[in-house]
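Visitor: Return atomic coordinates for the entry below.
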Amino acid sequence: QVQLVESGGGLVQAGGSLRLSCAASGRTFSSYAMGWFRQAPGKEREFVATIKWNGVRTYYADSVKGRFTISRDNTKNTVYLQMNSLKPEDTAVYYCAADLGWVTTNPKEYDYWGQGTQVTVSS
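Guide: Okay, the predicted model is just below:
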């Protein structure tokens, strides 16, 4: 079992930055690919970014490419999402997730989820 706790969300003006953190406990964190997803009101949960267990490979949704950066520190059992140049359309609840398999953009393949953290970008 893996427990995931997100933090770092909040209210920010358009063009601003936030860094989300996801702290993991339980089974070996470094065994998991980690992903960030988001869900806006009335919309389906969508993929944002994912990172391989060793941090070597990352993938991003086109909508955040060049603005968001996913990283991880396996010594701290934490994955991060640095979000720059935020836009109002980035407003959503952001979730981190752990996948024991390969990196994937499909939320159905993730095994564990955090409770989410709200990000609100004002125009």
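Visitor: is residue 95 in a bridge, and if so with what?
Guide: Under DSSP bridges, the beta-bridge partners of residue 95 are residue 37.
Visitor: From what I see, it and residue 118 are in contact.
Guide: No. Counting by CB atoms under 8 Å, residue 95 stays clear of residue 118, with 10.8 Å between them. Using the backbone N, CA and C atoms, a C-beta is placed for each residue, glycine as well.
Visitor: and these two? which has more neighbours close in?
Guide: Per other CB atoms under 10 Å, whichever of residue 95 and residue 118 has more neighbours is residue 95, with 23 against 12.
Visitor: how about that one, what does it touch?
Guide: 6, 36, 37, 38, 39, 45, 113, 114, 115, 116 (CB atoms under 8 Å, 6 or more residues apart in numbering).
Visitor: from those residues, which is closest to residue 84?
Guide: Nearest to residue 84 out of these is residue 36 (CB to CB; 14.3 Å).
Visitor: How about the contacts made by residue 13?
Guide: Contacts of residue 13 (CB under 8 Å, 6+ apart): 121, 122.
Visitor: I meant residue 64, not that one.
Guide: Neighbouring residues of residue 64 by CB under 8 Å, 6+ apart: 48, 49, 83, 90.
Visitor: Of those residues, keep whichever come out buried.
Guide: Neighbour-count burial (16 or more other CB atoms under 10 Å) applied to the contacts of residue 64 gives 48, 49, 83, 90.
Visitor: Output those residues in JSON lines, with distance to residue 60 and secondary structure appended to each entry.
Guide: Below are the buried ones among the contacts of residue 64 laid out as JSON lines (distance: CB to CB, whole Å; DSSP: H, G, I helix; E, B strand; the rest coil):
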{"residue": "48", "distance to residue 60": "7", "secondary structure": "strand"}
{"residue": "49", "distance to residue 60": "5", "secondary structure": "strand"}
{"residue": "83", "distance to residue 60": "11", "secondary structure": "strand"}
{"residue": "90", "distance to residue 60": "13", "secondary structure": "helix"}
